[in-house]
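>>> Provided below for reference: sequence and predicted model.
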Amino acid sequence: MIESLKNVFAVTELRNRVLFTLGLLAVYRVGSKIPTPGINGEALRALMQSASSGVFGLYDMFSGQNLSQMTIFALGIMPYISASIILQLLTVVWPYLERLSKEGELGRRKITQYTRYGTILLAVVQAMGIAVFLERNTEMAGGLPLVYDPGWGFRLMTVLTLTTGTTFVMWLGEQITERGIGNGMSLIIFAGIIVGLPSAVFVTLDQLRTGQMGPIRLAFLIVMMALVIAAIVFVERGHRRVTVQYAKRVVGRRMYGGSSTHIPLKVNTGGVIPVIFASSILAFPATFAPMFDATSRARLWLDQIAPGMPLHDLLYVAGIIFFCYFYTAIIFNPDDVAENMRKYGGFIPGIRPGKRTAEHIDTILTRITLVGAIYLAMVAILPQFLITGFRVAQIPWIGEWLYSVLPRPFTEGLGVQFIFGGTSLLIIVGVAMDTVQQIESQLIMRHYDGFMKKTRIRGRRG
């Protein structure tokens, strides 16, 4: 590990990329300390303590606790992710966007531009929803005003501040992706989650000291966390090898081919992207909830898909499975792989080249993607069941019956709050592994460059 760090800082270009990434992440954290104007910080903390486990809990986690503190980065990167999902879905059904996606770099830039416009539009809508929510909860216990001067002036200022903050965060993520190391958007989410580690440790130790958590429960949670991390690493590195044989070819006086290789198909091709997509889609309606009265039918349905509710968990699992297949279909095309194999004389033993090869690869990919989707859903949901239980009593019509039938550990869980659930661990481990892999790829490329330079120098001396 120490040797790898030395190699990273020994290569000038790679060192500059790492330092550039760390610098922009530091800028993001500095912006996370700048509050939105017109809000009473003390009253806001009292409000968010009561709402942290409900509608805004998941959103606050992805925003790096900026939402609970109402900083200029309160919306975080979620509007950009939501806009990206919408554009990718429209690419499948809208011929114009489908043509753009096939036009190479120029089409990609055009789609990126549309994604930016969509990000700003969604940020405006979500910021207005947050402003309305703060105004409707302006009087807190003890007579503390949440908003000093409610009205359209506060609403417009909040929309302008939060939209500008989201646009700046989007720019930071794009700069990290282009000039730094790793995926910028994922690293921003990673930084937002990992920054809560010290406070989570202190809260857990305080619960242990006051007796809210026993040593056995703490040990059980640590063991579960270790097992989840081990499962994530194991599956993320797992892949299915498809053997490919290349026929011998004679070009001039030389013979090429005759070798055997393989195509590595990852069990989880989408990585943490399906989890982020599903989480952002389910977190988006939460911003509309404050616009409705607490007794309205729309508000009741929106509360049912709040984090921790059974309907939310069901939609969460369905969303993860859908985006696993959807994202895999976008980044991996079996027809292109089969066509490239045919051009270079490659074939899968026992499978006819061309269409049959594409169908064979697609069948394998469909099966292993199902395994990867189930794994992602289990990692994201099971720790939540173990910690908070399955809140069946709040299901309309049949909740009381299910609560009386199901075992108590299933319905009540451990009753312990712990910041690193399945979704957090999946994002942290997945992004960390992807970033380390990109650093290793850069090191290998630099080592090859160094080897080639040495070979050319020796050749000239000879």
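Arrived safely, thanks for sending.
>>> buried stuff in the helix or strand harbouring Leu218?
According to DSSP states H and E, Leu218 maps onto helix 215-236. Buried residues in helix 215-236, defined by neighbour count with 16 or more other CB atoms under 10 Å: 217-218, 221, 224-225, 228-229, 231-232, 235-236. Glycine gets a C-beta too; all of them are placed from N, C-alpha and C.
>>> ok, those vs Tyr316, which is closest?
Nearest to Tyr316 among these is Val228, at 16.5 Å by CB to CB.
>>> that closest one touches Leu425, doesn't it?
Yes: the criterion here is CB atoms under 8 Å, and Val228 meets it with Leu425 at 5.3 Å.
>>> in the stretch 301-450 of the chain, which spans are strands?
For the stretch 301-450 of the chain, applying DSSP state E, counting those that start in this stretch gives strands covering 346-347.
>>> show me where the stretch 151-300 of the chain has its strands.
Under the criterion DSSP E, counting those that start in this stretch, strands of the stretch 151-300 of the chain are mapped to 239-246, 249-251, 254-256, 260-266.
>>> neighbours around Thr366, how many?
By the criterion of other CB atoms under 10 Å, Thr366 has 13 neighbours.
>>> now Ile120
16.
>>> with Tyr114 instead?
15.
>>> ditto for Gly107
Using other CB under 10 Å: Gly107 sits among 15 other residues.
>>> contacts only, for Phe322.
Taking CB atoms under 8 Å, 6 or more residues apart in numbering as the criterion, Phe322 is in contact with 274, 278.
>>> and it, how far is that from Pro150?
Taking CB to CB, to the nearest Å as the measure, Phe322 falls 40 Å from Pro150.
>>> try Thr119
From Thr119 to Pro150 the distance is 27 Å (CB to CB).
>>> next up, the contacts around Val233.
429, 433.
>>> pLDDT below threshold where in the stretch 1-150 of the chain?
1-6, 46-62, 137-144 (pLDDT under 70).
>>> can you give me the helices for it?
Under the criterion DSSP state H, counting those that start in this stretch, the stretch 1-150 of the chain carries helices at the ranges 2-10, 12-31, 41-51, 57-62, 66-69, 78-93, 95-101, 105-136.
>>> cool, and the stretch 151-300 of the chain?
152-179, 184-194, 197-210, 215-236, 273-283, 297-304.
>>> okay, these in JSON lines with mean pLDDT next?
Formatted as JSON lines, these follow (pLDDT from 0 to 100):
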{"stretch": "helix 152-179", "mean pLDDT": "90"}
{"stretch": "helix 184-194", "mean pLDDT": "85"}
{"stretch": "helix 197-210", "mean pLDDT": "77"}
{"stretch": "helix 215-236", "mean pLDDT": "80"}
{"stretch": "helix 273-283", "mean pLDDT": "79"}
{"stretch": "helix 297-304", "mean pLDDT": "70"}
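>>> okay, those in CSV with distance to Val93 next?
As requested, these are exported to CSV (distance: least, CB to CB, whole Å):
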stretch, distance to Val93
helix 152-179, 25
helix 184-194, 24
helix 197-210, 41
helix 215-236, 31
helix 273-283, 17
helix 297-304, 26
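>>> from Tyr28, how far out is the residue most central in space within the chain?
Residue closest to the average C-alpha location in the chain (CA atoms, centre = their mean): Ile276, at 3.2 Å. According to CB to CB, Ile276 stands 17 Å off from Tyr28.
>>> just Tyr327 next, same as before
25 Å.
>>> of these two, give the one with the bigger neighbour count.
Remark: of Tyr327 and Tyr28, Tyr28 carries more neighbours, 24 against 19, as counted by other CB under 10 Å.
>>> report the contact partners of the more buried one.
64, 73, 169, 172, 188, 191 are the contacts of Tyr28 under CB under 8 Å, 6+ apart.
>>> residues near the fourth one, how many?
Here the number of neighbours of Leu172 (other CB under 10 Å) works out to 22.
>>> you'd agree it is up against Gly184?
Yes: with contact defined as CB under 8 Å, Leu172 counts as touching Gly184 (6.8 Å).
>>> which neighbours do these two share?
Leu24.
>>> could you measure from the residue lying closest to Gln69 once chain neighbours are set aside over to Ala74?
Nearest residue to Gln69 in three dimensions, chain neighbours excluded: Pro35, at 7.0 Å (CB to CB, 6 or more residues apart in numbering). Between Pro35 and Ala74 the computed distance is 9 Å (CB to CB).
>>> kindly report the same for Ala83.
17 Å.
>>> for these two, indicate the residue with more neighbours.
Set Ala83 next to Ala74 and count neighbours by other CB under 10 Å: Ala74 wins out with 27 against 22.
>>> Leu67 is in contact with that one, correct?
Yes: with contact defined as CB under 8 Å, Ala74 counts as touching Leu67 (4.8 Å).
>>> that older thread, comparing Thr119 and Pro150, which residue is more hemmed in?
More neighbours surround Thr119 than the other of Thr119 and Pro150, with 25 against 17 (other CB under 10 Å).
>>> surely the more buried one touches Val169?
No: with contact taken as CB under 8 Å, Thr119 and Val169 are classed as non-touching, separated by 9.7 Å.
>>> touching both of those two, which residues are there?
Tyr80.
>>> burial count for Ile188?
Ile188: 26 neighbours (other CB under 10 Å).
>>> now do Leu146
Neighbours of Leu146 (other CB under 10 Å): 23.
>>> for Ser199, same thing?
11.
>>> with Glu135 instead?
Neighbours around Glu135, by other CB under 10 Å: 16.
>>> OK, contacts around it?
So Glu135 contacts 147, 150, 154-155 (CB under 8 Å, 6+ apart).
>>> which residues sit against stretch 357-372?
Residues contacting stretch 357-372 (CB under 8 Å, 6+ apart): 235, 240, 242, 263, 265-270, 321, 324-325, 328, 332, 334-335, 337-339, 341-342, 347-348, 351.
>>> before we move on, the earlier item: just to check, the residue nearest to Gln69 is in contact with Gly41?
Yes: because the distance of 6.4 Å satisfies CB under 8 Å, Pro35 is recorded as touching Gly41.
>>> more neighbours: which of those two?
More crowded of Pro35 and Gly41, by other CB under 10 Å: Pro35, with 15 against 11.
>>> tell me what the more buried one is bridged to.
Thr71 (DSSP bridges).
>>> quick one: it and Val267, what's the gap?
44 Å.
>>> over to Leu25?
From Leu25 to Val267 the distance is 30 Å (CB to CB).
>>> repeat that for Thr177.
Taken as CB to CB, the span from Thr177 to Val267 is 25 Å.
>>> check Ala373 too.
In terms of CB to CB, Ala373 sits 10 Å off from Val267.
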